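Trainee: Fold the following, please.
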Amino acid sequence: MMDMNGKKFCFLIATNKEEFYSECMYYIGSLQVPEGYAVECVPIRGAAGMAAAYNAAMRVTDAGYKIYMHQDVFILNRHFLFDLLTVFGMDPAIGMVGVSGIRELPQNMMLWGVPRVGSLYGSETGHADYAAYAYEPADGLTDVAALDGLLMASRVDVRWREDLFDGWDLYDISQSMEFRRRGYRLVVPEQKVPWVYHDKTVSSVWNYNKYRKIFQQEYLEEARAAEG
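Mentor: Numbers count the residues shown, from 1 in each chain. Predicted coordinates:
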């Protein structure tokens with residue numbers, strides 16, 4: 001395993017549409033970069049699934065900070081990298097940061113309609129401030145049970161479970177559980193103005209039930225225990 005460079009950010013992006021990737025890169029190129037830090041991007045093309053794509057990308061970068069994100073996510077907050085450093089600096093137990101998440105996992109793992117925390121602009125949502133009232137006033141962070149995979153920023157490497165989730169569903173919730181298994185916090189920072197725009201297109205849920213059952217078997221009992 002390579003030594004990690006704590007002064008480097010890497011954006012890891014699975015892509016199958018170059019027009020999306022090009023626009024995504026435009027916004028990344030507009031970000032302000034903290035002095036002394038480097039930024040790189042690793043596109044993954046032709047992946048069989050999201051977890052496999054991210055594992056492959058993880059192996060080729062030594063960046064201490066990795067931002068796993070969808071190709072159709074455009075970062076509007078030009079201070080995004082500074083804000084990430086601020087959030088991670090609040091507590092060494094914070095393992096991942098996202099812009100949207102859920103506080104509790106439903107027993108049936110049907111995530112449609114589950115209350116969310118976070119804020120974003122989107123083609124589906126307009127401007128969604130999922131739960132402004134839920135932000136913790138003390139530090140502006142909300143702990144969540146799982147982060148939405150549209151953007152997940154980490155500062156430790158944890159292998160994605162491509163052995164279980166070899167498609168495009170629930171890979172993000174699985175990764176959230178893998179971080180929780182290791183004792184890390186997952187947080188969504190307060191965003192008075194949304195940090196990102198998500199140009200989301202309709203996704204197939206053909207295999208969702210398959211991965212929902214896999215998730216329940218692997219994680220749900222410990223998730224219920226952790227939530228008390």
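
Trainee: Tell me where the model's unsure across the chain.
Mentor: Low-confidence segments of the chain (pLDDT under 70): 1, 124-127, 129-138, 201-205, 223-228.

Trainee: residue nearest the centroid of it?
Mentor: Centroid-nearest residue in the chain: Met152, 1.9 Å away (criterion: C-alpha atoms, centre = their mean).

Trainee: Might you report the residue contacts of that one?
Mentor: Counting by C-beta atoms under 8 Å, 6 or more residues apart in numbering, Met152 makes contact with Ile67, Tyr68, Met69, Met96, Val97, Gly98, Asp172, Gln175. All C-beta spots, glycine's among them, are computed from the backbone N, C-alpha and C.

Trainee: Of those, which belong to helices?
Mentor: Assigned to helices by DSSP state H, the following of those qualify: Asp172, Gln175.

Trainee: Among the contacts of Met152, the buried ones, what's the PyMOL command?
Mentor: Selection of buried members from the contacts of Met152 for PyMOL, criterion 16 or more other C-beta atoms under 10 Å:
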select buried, resi 67+68+69+96+97+98+172+175
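
Trainee: Including distance to Gly89, could the contacts of Met152 go into a markdown table?
Mentor: Below are the contacts of Met152 laid out as a markdown table (distance: C-beta to C-beta, whole Å):
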| residue | distance to Gly89 |
| --- | --- |
| Ile67 | 16 |
| Tyr68 | 20 |
| Met69 | 21 |
| Met96 | 15 |
| Val97 | 11 |
| Gly98 | 17 |
| Asp172 | 24 |
| Gln175 | 22 |
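
Trainee: And for Thr86, the neighbour number?
Mentor: 12 (other C-beta atoms under 10 Å).

Trainee: if we can go back for a sec, and the residue nearest to the centre of the chain, that's in a helix?
Mentor: No. Met152 is assigned strand when assessed by DSSP: H, G, I helix; E, B strand; the rest coil, not a helix.

Trainee: what bridges to it?
Mentor: Tyr68, Gly98 (DSSP bridges).

Trainee: Give me the distance between it and Lys210.
Mentor: 22 Å (C-beta to C-beta, to the nearest Å).

Trainee: for Ser119, phi and psi?
Mentor: Here is the backbone geometry of Ser119 (degrees, to the nearest 10): phi -160, psi 140.

Trainee: Am I right that it is in contact with Gly101?
Mentor: No. Contact criterion C-beta atoms under 8 Å: Ser119 and Gly101 do not qualify, at 11.3 Å.

Trainee: any idea how far Tyr26 is from Met50?
Mentor: On the measure of C-beta to C-beta, Met50 and Tyr26 end up 23 Å apart.
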